[in-house]
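K.L.:
the amino acid sequence is not available; the structure is as follows:
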């Protein structure tokens, strides 16, 4: 999208105890909380189909029940459960098969493939739906790739909530070209150019300070990867080991986090891009020192913005607590809208949603007292 | 035969706590249950036919783990949610 949005928006807030929609007016000055939907369900991701702006998918499970997907085409007034949720193939007798614990990342497929979606799961699996999220099939080119066992299946070495496949990023020029990322020992960024039949690791130049091998082919821990839709050969990555940028032709990650203030560092989980400016990105730094507290450095939360592809960064903290605020923001819990000026939002693990209607210059708390927030997405429903 | 449905699964059974399903094995009964209440099986049985970690199945008050367990006319199947985190 190159022209700014002008209508009302909704923030889709996925939490450990349900889904909320935070409806904002066109000026993004007044917000109204709608929910809970699916109270008590663990919601990992809720995403509006950016192509039709009507189909809303939600990846859900509960503490007891297995994973599923719920779908709505009326802004959450009614929901329908997927008739065939994502599941790995049944293993041959005598072999241990993989089991999807939960859907983690929902991504609409290329614009030329309406009703098609991808989903990344925990443990690491890639699934595709061709009917708007009603039925899901294994992407065998990845899930059964000859090297898949090298890249995945280390459940005891994954992230605290299990190893995950995330950051599915589709090249807007080519539906067969896309990227995924996996967190956990054995993970990294991977690329396919044939619609998911074959995959290659894409991790050169990225640090890995938790393994004894320097610059391995894979095994990294990308926290969030973003491809810019207007400059699809420009990739950004917030990694366990810093902030990176790749110009795809160079094929090597460059640590742009080295340009962050040293007392803040470049550890964090989310990274978000300006939809109309490929050189502008935002991160939410967290403390990655000592035993990895994963909270705002020194209890002083701030967003950092670059306008030059990471060559320099500016602190944006006006309106955020100035002290004793120990925010943790998960990898899916930061979002931007498409307005002018752009709005940017993040949700914390202690249930607050913060927003800025002027590109991070000033912040205000839009909602509080929600459960732990897994994900925030900015959605503009068709009217 | 009678199947007792735990609270988290009653959204599939129109909030009924007791329903009917038939079959000669637990697998067949659960398949019949899923035909009557689409989607209910996958929420408690995973794709490898394992009972999900926090679900428990009992036949005539004996806990069972194998879906191959034989069932007979008059048997009763209880599905429970196990205790799990907060």
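P.N.:
Sure, I can see it. All figures in this text were calculated on a predicted structure; none of them were measured in a lab.

K.L.:
wait, what's in contact with residue A:286?
P.N.:
A:267, A:268, A:269, A:293, A:294, A:295, A:296, A:297, A:327, A:328, A:329 (C-beta atoms under 8 Å, 6 or more residues apart in numbering or on different chains). The way it works is simple: take the backbone N, C-alpha and C, and place the C-beta from them, glycine included.

K.L.:
between those residues, which is nearest residue A:14?
P.N.:
residue A:329 (13.2 Å; C-beta to C-beta).

K.L.:
next, count neighbours for the closest one.
P.N.:
26 (other C-beta atoms under 10 Å in any protein chain shown).

K.L.:
where does chain B have low pLDDT?
P.N.:
B:84-86 (pLDDT under 70).

K.L.:
show me which helix runs longest in it.
P.N.:
helix B:26-36 (DSSP state H).

K.L.:
which parts of chain B sit against chain A?
P.N.:
Residues of chain B that fall close to chain A, judged by C-beta under 8 Å from any C-beta of the partner chain: B:6, B:8-9, B:38-39, B:42-50, B:52, B:54-55, B:81-82, B:84-85.

K.L.:
ok, which stretches of chain B are helices?
P.N.:
So, for chain B - with DSSP H - the helices run B:26-36, B:40-44.

K.L.:
check chain A too.
P.N.:
Using DSSP H, helices in chain A cover A:140-143, A:148-151.

K.L.:
chain B: which of those is closest?
P.N.:
Chain B sits nearest to helix A:140-143 of all the helices of chain A, at 11.9 Å, using C-beta to the nearest C-beta.

K.L.:
would the closest one count as contacting chain B?
P.N.:
No. Using C-beta under 8 Å from any C-beta, helix A:140-143 stays clear of chain B, with a minimum separation of 11.9 Å.

K.L.:
re earlier: winner for burial among the helices of chain A?
P.N.:
helix A:140-143 (a mean of 18; mean count of other C-beta atoms under 10 Å in any protein chain shown).

K.L.:
report all helices and strands that it contacts.
P.N.:
Contacts defined by 3 or more C-beta pairs under 8 Å, 6 or more residues apart in numbering or on different chains; DSSP states H and E place helix A:140-143 against strand A:125-129.

K.L.:
centre of the chain versus the strand it packs on, how much separation?
P.N.:
16 Å (C-alpha atoms, centre = their mean, to the nearest Å).

K.L.:
now stretch A:194-210
P.N.:
Counting by C-alpha atoms, centre = their mean, stretch A:194-210 comes out at 17 Å from the chain centroid.

K.L.:
buried ones in that stretch?
P.N.:
Neighbour-count burial for stretch A:194-210, counted by 16 or more other C-beta atoms under 10 Å in any protein chain shown, picks out A:195, A:196, A:199, A:201, A:202, A:203, A:206, A:207, A:208.

K.L.:
quick check: phi and psi at the second one.
P.N.:
Dihedral pair for residue A:196: phi 100, psi 0, per degrees, to the nearest 10.

K.L.:
equivalent analysis for the fifth one, please.
P.N.:
Per-residue torsions, residue A:202: phi -140, psi 70 (degrees, to the nearest 10).

K.L.:
now for residue A:361: which residues touch it?
P.N.:
Contacts of residue A:361 (C-beta under 8 Å, 6+ apart): A:316, A:318.

K.L.:
quick revisit: looking at the contacts of residue A:286, spot the one nearest residue A:82.
P.N.:
Minimum distance to residue A:82 across these is 27.5 Å, recorded for residue A:269 (C-beta to C-beta).

K.L.:
quick one, what contacts the closest one?
P.N.:
Contact analysis of residue A:269 by C-beta under 8 Å, 6+ apart lists A:223, A:224, A:238, A:284, A:286, A:294, A:329, A:330, A:331, A:333.

K.L.:
so for residue A:96, which of the helices of chain A sits nearest?
P.N.:
Short answer: helix A:148-151, nearest of the helices of chain A by C-beta to C-beta, at 12.0 Å.

K.L.:
show the average pLDDT along that closest one.
P.N.:
The average pLDDT within helix A:148-151 is 92.

K.L.:
check stretch A:295-313 too.
P.N.:
Mean predicted confidence for stretch A:295-313 is 97.

K.L.:
follow-up on the earlier one: the contacts of residue A:286, buried ones only, as a PyMOL selection?
P.N.:
To isolate the buried members of the contacts of residue A:286 in PyMOL, using 16+ other C-beta under 10 Å:
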select buried, chain A and resi 267+268+269+294+295+296+297+327+328+329
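
K.L.:
just give me the closest of the contacts of residue A:286 to residue A:152.
P.N.:
Comparing the contacts of residue A:286 against residue A:152 with C-beta to C-beta picks out residue A:269 as the nearest, at 20.5 Å.

K.L.:
what's the nearest residue to the closest one if we skip its chain neighbours?
P.N.:
Among residues not flanking residue A:269 along the chain, residue A:331 sits closest, at 4.0 Å (C-beta to C-beta, 6 or more residues apart in numbering or on different chains).

K.L.:
dump the residue contacts of that neighbour.
P.N.:
A:166, A:223, A:224, A:238, A:269, A:270.

K.L.:
show the buried residues in those.
P.N.:
Using 16+ other C-beta under 10 Å as the threshold, A:166, A:223, A:224, A:238, A:269, A:270 are the buried ones among the contacts of residue A:331.

K.L.:
adding distance to residue A:15 and pLDDT, write the residues you listed out as a markdown table.
P.N.:
Shown next, in a markdown table, are the buried ones among the contacts of residue A:331 (distance: C-beta to C-beta, whole Å; pLDDT from 0 to 100):
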| residue | distance to residue A:15 | pLDDT |
| --- | --- | --- |
| A:166 | 18 | 97 |
| A:223 | 19 | 96 |
| A:224 | 19 | 98 |
| A:238 | 21 | 98 |
| A:269 | 16 | 97 |
| A:270 | 16 | 98 |
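
K.L.:
quick check, nearest of these to chain B?
P.N.:
Looking across the buried ones among the contacts of residue A:331 and measuring by C-beta to the nearest C-beta, the closest to chain B is residue A:166, at 21.0 Å.

K.L.:
I appreciate the help and will end here.
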